[in-house]
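**Student:** Sharing a model that was predicted from the sequence below.
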Amino acid sequence: MTPQAFFEQLWQNYIEITPQAEQIRQLFAATDGEVINDHVAFRTFANTPLQLDNLVPLILEMGYEVQGDYEFKAKKLRAKSFIHLDHTVPKIFISELLTDQLSEQAQQIIAKYTAEITEQPMDQSVFCSGRHWSTPAWEDYQTVMAESEYGAWLLAIGIRVNHFTVSINHLNSTNCIREVLQRVKDAGFAVNTVGGEVKGTPESLLEQGSSMADRMAFTFADGQEHEIATCFYEFALRHADNEGVVYQGFIEANADKIFESTNIAA
Ligand code: NI
């Protein structure tokens with residue numbers, strides 16, 4: 001699959017449950033024409049047929065190479081980023097929940113659902129495939145939520161893109177992240193304020209911000225209906241180093257706070 005076809009499919013799958021994303025895209029398209037994305041991100045469960053290492057070959061097949069490895073100890077995650085040989089193609093960031101670091105109770109709940117994943121040959125459509133397990137029960141969702149907001153999100157949503165990211169570097173109308181976030185707020189969307197609206201500094205070469213995830217009504221297995229967080233839109237501004245090379249990597253301290261964009265309690 002070409003990256004272009006891949007991202008088109010992902011975008012349609014993303015806006016189905018993230019209507020804000022299309023509205024935000026249009027907001028910037030109105031002043032900047034085509035909106036270029038810096039990266040997309042996915043979440044998955046470790047120690048399952050859908051674990052990060054099993055997804056890697058599908059990314060490499062599209063002309064990507066592994067760019068970096070990341071650890072988020074407090075959130076019990078590991079991640080890898082991938083960069084395409086064509087730098088106008090969005091980077092890909094995939095994290096996985098290290099479920100064996102959760103409590104016995106949370107592990108058992110997650111294992112009950114992930115045991116339903118069937119091992120089968122995968123293609124790139126897996127990144128739009130959603131849940132590979134039964135609809136969770138509200139009680140299970142809440143128990144996992146108490147330990148891992150990431151885990152609860154994944155249990156309800158499954159394997160889908162978690163966010164797209166506007167490349168501020170490619171906007172003509174502004175190169176100021178605060179101005180971008182202000183436009184998003186003025187359009188009526190909440191912005192993630194964990195650690196401040198802007199994560200990172202020009203000195204660290206990467207500044208990021210994000211909207212707060214959309215919410216949707218979700219009917220749990222036991223018939224209870226509750227609002228859950230879906231997905232959000234991120235904004236990234238990359239800076240050049242002393243040699244004039246624009247930084248392309250990811251920074252754990254920034255990403256750690258971006259993860260909280262799906263925190264419905266925030
Ligand atoms: Ni991101």
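**Tutor:** Sure thing, it's come through.
**Student:** For stretch 65-76, buried residues please.
**Tutor:** Neighbour counts over stretch 65-76 (16 or more other Cβ atoms under 10 Å) mark 67, 68, 70, 72, 75, 76 as buried. For glycine as for every other residue, the C-beta is placed from the backbone atoms N, C-alpha and C.
**Student:** Can you pull the phi and psi angles for residue 164?
**Tutor:** According to degrees, to the nearest 10, the main-chain angles of residue 164 amount to phi -100, psi 170.
**Student:** Could you do the one 3 residues further on as well?
**Tutor:** The phi and psi torsions at residue 167 (degrees, to the nearest 10) take the values phi -80, psi 110.
**Student:** Also residue 77?
**Tutor:** phi -130, psi 150.
**Student:** Give the closest residue to it in space, chain neighbours not counted.
**Tutor:** Excluding the flanking residues, the one nearest residue 77 by Cβ to Cβ, 6 or more residues apart in numbering is residue 95, at 4.8 Å.
**Student:** Report the contact partners of the one you found.
**Tutor:** For residue 95, the contacting residues are 41, 42, 43, 44, 52, 70, 72, 77, 78, 79, 150, 259, by Cβ atoms under 8 Å, 6 or more residues apart in numbering.
**Student:** Filter these down to the buried ones and express that as a PyMOL selection.
**Tutor:** Of those, the buried ones can be selected in PyMOL as follows, counting by 16+ other Cβ under 10 Å:
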select buried, resi 41+42+43+44+52+70+72+77+78+79+150+259
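**Student:** Can you add pLDDT, secondary structure and distance to residue 107 and give the contacts of residue 95 back as a markdown table?
**Tutor:** A markdown table is the format used below for the contacts of residue 95 (pLDDT from 0 to 100; DSSP: H, G, I helix; E, B strand; the rest coil; distance: Cβ to Cβ, whole Å):
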| residue | pLDDT | secondary structure | distance to residue 107 |
| --- | --- | --- | --- |
| 41 | 98 | strand | 24 |
| 42 | 98 | strand | 22 |
| 43 | 98 | strand | 17 |
| 44 | 98 | strand | 16 |
| 52 | 98 | helix | 18 |
| 70 | 96 | strand | 23 |
| 72 | 95 | strand | 18 |
| 77 | 97 | strand | 15 |
| 78 | 97 | strand | 17 |
| 79 | 97 | strand | 20 |
| 150 | 97 | helix | 14 |
| 259 | 92 | helix | 20 |
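**Student:** Filter the contacts of residue 95 to keep only those in contact with the ion.
**Tutor:** The subset of these lying close to the ion, counting by Cβ under 5 Å from the ion, consists of residue 41.
**Student:** Switch the contacts of residue 95 over to a markdown table, and while doing so, append distance to residue 141 to every line.
**Tutor:** Formatted as a markdown table, the contacts of residue 95 follow (distance: Cβ to Cβ, whole Å):
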| residue | distance to residue 141 |
| --- | --- |
| 41 | 21 |
| 42 | 20 |
| 43 | 15 |
| 44 | 17 |
| 52 | 23 |
| 70 | 26 |
| 72 | 21 |
| 77 | 19 |
| 78 | 23 |
| 79 | 23 |
| 150 | 13 |
| 259 | 18 |
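**Student:** what's residue 221 sitting at in phi/psi?
**Tutor:** phi -60, psi -30.
**Student:** any idea of the pLDDT on it?
**Tutor:** Per-residue pLDDT puts residue 221 at 98.
**Student:** wait, what's in contact with it?
**Tutor:** Listed by Cβ under 8 Å, 6+ apart, the contact set of residue 221 reads 134, 135, 136, 137, 138.
**Student:** residues near residue 26, how many?
**Tutor:** 11 (other Cβ atoms under 10 Å).
**Student:** tell me which element it is part of?
**Tutor:** Assigned by DSSP states H and E, residue 26 belongs to helix 19-32.
**Student:** do residue 83 as well
**Tutor:** strand 77-84.
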